[in-house]
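J.: coords please:
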Amino acid sequence: MDHKFLEFYGQYLLNAAQTQKQIEKMSDWMKPGLKGLGGMEEIFKTCYGIQDSQKSSPQGTEMFQEAMEAFQSSFSTYVTQMGWVEAKKYNDLKQAYETLQKKSEDQKKIIDQLNTMLGLRADMGHDEFFKQIQTLGKKQAEQFNDLMQGFAKVFDTTNKPSD
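T.: The predicted model follows:
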């Protein structure tokens, strides 16, 4: 194998590992309210224009909270643009999928039960289904004709003896 390819791929994996490590650190940093993680809090305060003297005042606390919400919103947008899905959204979608899957299975059972009641096989295709419907229609038409002929014989006045 080409040693340059292996070197490239090794560097790629190292960069991926470092990126993953940074993402995990960023995530850990965001959870407790943007505290800890060395100089990240200072970088955050500088970027969002928050001074330590303001942070202790009610207005400073509100300003910090708004900055934190703006940061988390922007981070969420960035993560979405990168094609990542937040764990909460993933879990919500997974739950919705499982609910729909269960509903689909329940509906399939009901359809199978109805088909059984109609005498239809579960593996029957559309063509075979419509052929059975046509056969049923023909049978009903024949039975109706037989019934009408029976009525005609009962009410036939031409064969009655005259008085």
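
J.: host element of residue 147?
T.: For residue 147, the host element (DSSP states H and E) is helix 126-154.

J.: so how far is that helix from its chain's centroid?
T.: Centre-to-centre, helix 126-154 and its host chain are 46 Å apart (Cα atoms, centre = their mean, to the nearest Å).

J.: now do stretch 58-75
T.: 32 Å.

J.: average model confidence for that stretch?
T.: Throughout stretch 58-75, pLDDT has a mean value of 81.

J.: now swap in stretch 101-109 and tell me
T.: What stretch 101-109 shows for mean pLDDT is 95.

J.: which residues touch that stretch?
T.: For stretch 101-109, there are no external contacting residues (Cβ atoms under 8 Å, 6 or more residues apart in numbering). C-beta: built from backbone N, CA, C; applies to glycine.

J.: just give me how far it sits from the chain centre.
T.: Remark: stretch 101-109 is offset 15 Å from the chain centroid, using Cα atoms, centre = their mean.

J.: what about the residue positioned nearest the centre of the chain, distance to residue 90?
T.: Computing the C-alpha centroid of the chain and ranking residues by Cα atoms, centre = their mean puts residue 97 first, at 4.3 Å. Taking Cβ to Cβ, to the nearest Å as the criterion, residue 97 is separated from residue 90 by 10 Å.

J.: returning to that earlier point: now the residue nearest to the centre of the chain: phi and psi?
T.: Phi and psi for residue 97, reported as degrees, to the nearest 10, are phi -60, psi -50.
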